[in-house]
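Undergrad: A structural model of the following input is requested.
(chains A and B)
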There are 2 protein chains.
Amino acid sequence: MKPKEAPIARPPHPLLSRDLIARTALGLIDRDGSDGASVRRIAANLGVNPTSLYNHVPNRAAIIEDVRAIVSANIDSRPLRETSWENGLRTWARSYRSAFAGHPRAIPLLMTTRSSTPVLMAQYEDFAVAAEAVGWTSTQVLPLLTAFESFILGSVLDMSGPAVVFDPTGQEEQFPRFAAAFSSLEHEDPNDPVASRAFELGLAMLISSARPEHYDAR
Amino acid sequence: MKPKEAPIARPPHPLLSRDLIARTALGLIDRDGSDGASVRRIAANLGVNPTSLYNHVPNRAAIIEDVRAIVSANIDSRPLRETSWENGLRTWARSYRSAFAGHPRAIPLLMTTRSSTPVLMAQYEDFAVAAEAVGWTSTQVLPLLTAFESFILGSVLDMSGPAVVFDPTGQEEQFPRFAAAFSSLEHEDPNDPVASRAFELGLAMLISSARPEHYDAR
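TA: Next up is the predicted model:
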């Protein structure tokens, strides 16, 4: 039997692909933060030469876009088209927080790089259509969207830290009301005494004001 | 003249101090992100041995607390005590954003480390007193504070990125309303087409709902 007729051996590693490169980058970002996603580190993690990556993806910016698409695929924007504005916002925002909850270290990177990935553009189209349907002008759509996103992603960063960030223990006399607020947390879920309640409260506040006639524009 | 009687020479570098250590750490974080503030790097930047730092500050956590105190010193919480709840929130939130605007890379670090620095506790006491004065319960104070902080710090992260993060150029047919919203930005300040308007809009929305009876708690 000639060598060329031998059955194709199963490769010892998963076949290099654009999807595998993006998932490896996301794993490195989750572990090491933004700096994790250098082409050199991704290649080293996959056990290949950096130049091999360029057979699958043009540059680092494209890898970051792929990472964004993976994370954002779990955001559900359909309710913005299919239900009331308020219910749509609530479902979309909760799914947005969930999508990023496992990837807080990706947030600074994704908030500071430009994007035009269609996965996300389609979701923003849903947002724009729903916002205009309740009276927001085209000019207001991006500020409104950005306000929601800033709140959602800020909430994910908050939940990624310690359960309670600020601790007045030992300073009760100087700061009695804040200390009382802090000690009331002992009746809450010890794994999540503030973060989820803060997200739901802020979201309810934003949604209650999310029609142009519902807030005081000072 | 004996050597011991010689006038004390002015040191070639500023005298090592706790304040200098914190300001050096903040400079490194601004440049390199959270990883910049290792004791080893701070010492190297000051041209001293790492052990010298421990003559001034007990550990890295204390350095991070000092960094937080420097940044937070510019937050103005007095209006929360001295004016109406709504005006107090507006001034406090704007000063909070300004305080962090020059230090966005410090945000992930500061949001994920515990703190009890009195500079900040005093500000939170002002917030707690003002919130309870308009009817929030002690249990609600921390979620309310956290909701505002998540929005403010998320807004700073947003403004630290490109002027417009999402760009539908070339996808106008699939996403017409989002593309129209995007193209309306050409009439805005090119250096700040979205971030400040988004912050002011989100802040106005939160403030309009910032009394317990003003939002729909679904």
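Undergrad: how about the strands of chain A, start to end?
TA: Counting by DSSP state E, chain A forms no strands at all.
Undergrad: Tell me how far the residue of it at minimum distance from chain B lies from A:Pro108.
TA: Ranked by CB to the nearest CB, the top residue of chain A for proximity to chain B is A:Gly154, at 2.6 Å. C-beta coordinates here come from the backbone N, C-alpha and C atoms, glycine included. A:Gly154 is 11 Å from A:Pro108, where distance means CB to CB, to the nearest Å.
Undergrad: who's more crowded, the two?
TA: A:Gly154 (30 against 23; other CB atoms under 10 Å in any protein chain shown).
Undergrad: Quick check: closest non-adjacent residue to that one.
TA: B:Gly154 (2.6 Å; CB to CB, 6 or more residues apart in numbering or on different chains).
Undergrad: so where's chain A uncertain?
TA: Residues of chain A that meet the criterion pLDDT under 70 lie in A:1-14, A:218.
Undergrad: What separation is there between the spatially most central residue of chain A and B:Gly33?
TA: Central residue of chain A (CA atoms, centre = their mean): A:Phe100, 3.2 Å from the mean position. With distances taken as CB to CB, A:Phe100 is found 19 Å from B:Gly33.
Undergrad: now A:Ala131
TA: Distance, A:Ala131 to B:Gly33, by CB to CB: 34 Å.
Undergrad: One more: A:Asn87?
TA: Using CB to CB, A:Asn87 is found at 38 Å from B:Gly33.
Undergrad: Also A:Leu144?
TA: According to CB to CB, A:Leu144 and B:Gly33 sit 30 Å apart.
Undergrad: Which one's more surrounded, those two?
TA: When neighbours are counted by other CB under 10 Å, A:Leu144 and B:Gly33 differ, and A:Leu144 comes out ahead with 23 against 18.
Undergrad: Quick check: that one touching A:Val134?
TA: No. Assessed by CB atoms under 8 Å, A:Leu144 is found out of contact with A:Val134, at 10.4 Å.
Undergrad: okay, and the common contacts of these two?
TA: With contacts defined as CB atoms under 8 Å, 6 or more residues apart in numbering or on different chains, the residues adjacent to both A:Leu144 and A:Val134 are A:Ala210.
Undergrad: Can you show me the helices along chain A?
TA: Listed in chain order, the helices of chain A (DSSP state H) span A:18-32, A:39-46, A:50-53, A:60-72, A:78-82, A:85-101, A:107-111, A:118-133, A:138-159, A:176-183, A:195-208.
Undergrad: JSON lines for those, including distance to B:Ser208?
TA: Formatted as JSON lines, these follow (distance: least, CB to CB, whole Å):
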{"stretch": "helix A:18-32", "distance to B:Ser208": "37"}
{"stretch": "helix A:39-46", "distance to B:Ser208": "46"}
{"stretch": "helix A:50-53", "distance to B:Ser208": "49"}
{"stretch": "helix A:60-72", "distance to B:Ser208": "29"}
{"stretch": "helix A:78-82", "distance to B:Ser208": "22"}
{"stretch": "helix A:85-101", "distance to B:Ser208": "15"}
{"stretch": "helix A:107-111", "distance to B:Ser208": "26"}
{"stretch": "helix A:118-133", "distance to B:Ser208": "17"}
{"stretch": "helix A:138-159", "distance to B:Ser208": "13"}
{"stretch": "helix A:176-183", "distance to B:Ser208": "23"}
{"stretch": "helix A:195-208", "distance to B:Ser208": "8"}
